[in-house]
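Student: Okay, predicted coordinates and the sequence, questions at the end:
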Amino acid sequence: MHIAIAGNIGSGKTTLTKMLAKHYGWQPNFESVEFNPYLDDFYKDMERWSFNLQIYFLNKRFKDVVEISRSDKTIIQDRTIFEDARIFAPNLHDMGMMSDRDFENYSDLFELMMSLVKLPDLMIYIRSTIPNLIAQIQKRGREYEQSIRIDYLQGLGTRYEDWIKDYKGNLIIVDGDTVKFESNPADFRSITDRIDANLYGLFS
């Protein structure tokens, strides 16, 4: 099976991915952040590096999806290819940080990839407000994230909600503001109970 975790920057995707992988014995697939050759430059100059960054993510994510489709293991993925193309790239384009030419080129490539990709067996979306995201970003202290613009996060948040509203696959939504799965075992159990019911037909 392919399980995917979606959510804005700082919503807790990586943490939840690690916790669920450990709980179920699933194989985690993490977003490439620390070794991304464009991320630091992007946050310093979004307009210059937006296309390069998004192509890097699209390439990485497509490779991941192909590998997942060929695996006989249950894999839980930290962020999806859909978020890159439906949320991050259009947000940059709307902000004037990606040119029409680059965005059209990117979108054409994504649509070609989508003809070869199916939806995950389960999508888990962590919904979070901007103040909560900012607090989480500051807490984890990644230097390159400290310059993230609030309007950038807000634009992403709006696009996440629009995307998830029309999402056609199997979906669980977690309230990242109130469900403290990292620190509260009962909150984490509430998520696993929902996953069990969704995937295995078990009821808490």
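Tutor: Alright, I've got the coordinates.
Student: Am I right that Ile3 sits in a strand?
Tutor: Yes. With DSSP: H, G, I helix; E, B strand; the rest coil as the criterion, Ile3 is part of a strand.
Student: from memory it sits against Asp78, does it?
Tutor: No. Look at Ile3 against Asp78 with Cβ atoms under 8 Å: they stay out of range, at 10.4 Å. For every residue, glycine as well, the C-beta is placed using N, CA and C.
Student: what about Glu31, which SS state?
Tutor: Glu31 - assigned by three-state DSSP - is coil.
Student: Next one: it relative to Lys60, how far apart?
Tutor: Distance, Glu31 to Lys60, by Cβ to Cβ, to the nearest Å: 8 Å.
Student: Compare the two and say which is more crowded by neighbours.
Tutor: Taking other Cβ atoms under 10 Å, Glu31 and Lys60 do not tie; Glu31 has more neighbours (19 against 16).
Student: Output the below-cut-off pLDDT ranges for this protein.
Tutor: Confidence mapping of the chain against pLDDT under 70 gives the ranges 32-34, 141, 144, 147, 202-204.
Student: ranges for the strands of it?
Tutor: Remark: strands assigned in the chain by DSSP state E are 2-7, 27-29, 75-78, 122-127, 171-175.
Student: Tell me where this protein has helices.
Tutor: Under the criterion DSSP state H, the chain contains helices at 13-24, 39-44, 46-70, 81-83, 89-94, 100-114, 130-140, 150-165, 185-200.
Student: Let's have those in TSV, adding distance to Asp121.
Tutor: Below are the helices of the chain laid out as TSV (distance: least, Cβ to Cβ, whole Å):
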stretch	distance to Asp121
helix 13-24	13
helix 39-44	29
helix 46-70	10
helix 81-83	14
helix 89-94	25
helix 100-114	17
helix 130-140	27
helix 150-165	17
helix 185-200	7
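Student: So which of those is nearest Leu122?
Tutor: Counting by Cβ to Cβ, Leu122 lies closest to helix 185-200 out of those; the figure is 6.2 Å.
Student: The closest one: how far from the chain's middle?
Tutor: Relative to the centre of its chain, helix 185-200 is centred 20 Å away, using Cα atoms, centre = their mean, to the nearest Å.
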